[in-house]
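S.K.: only geometry, no sequence info:
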């Protein structure tokens, strides 16, 4: 899918992934502190799964929109 997209758009998407990854890391550190404080670590795998699903949905939407726009 990514080979069909303009190089500048792929670079933009890569940049967004890096930005959201660093934001996610910071937010994850805060969440871990809260989870340790409240003894809620039993659900940590669910939090990771939700983050992966959200990133998958964002990338799926992006590639579908990019395919409609650039896949002429």
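M.R.: Arrived safely, thanks for sending. All figures in this text were calculated on a predicted structure; none of them were measured in a lab. Residues are numbered from 1 along each chain as shown.

S.K.: what's the biggest helix in the protein, counting residues?
M.R.: Ordering each helix of the chain by length in residues (DSSP state H) puts helix 7-38 first.

S.K.: averaged pLDDT, it. What do you get?
M.R.: Helix 7-38 carries an average pLDDT of 79.

S.K.: show me the contacts for residue 27.
M.R.: Not one residue lies near residue 27 by C-beta atoms under 8 Å, 6 or more residues apart in numbering. Glycine gets a C-beta too; all of them are placed from N, C-alpha and C.

S.K.: could you find the closest non-adjacent residue to the residue sitting nearest the centre point of the chain?
M.R.: In the chain, the centroid-proximal residue (C-alpha atoms, centre = their mean) is residue 55; its distance is 3.0 Å. Distances taken as C-beta to C-beta, 6 or more residues apart in numbering place residue 20 nearest to residue 55, at 7.5 Å, with adjacent residues excluded.

S.K.: count the residues that sit near that neighbour.
M.R.: Residue 20 is flanked by 15 other residues according to other C-beta atoms under 10 Å.
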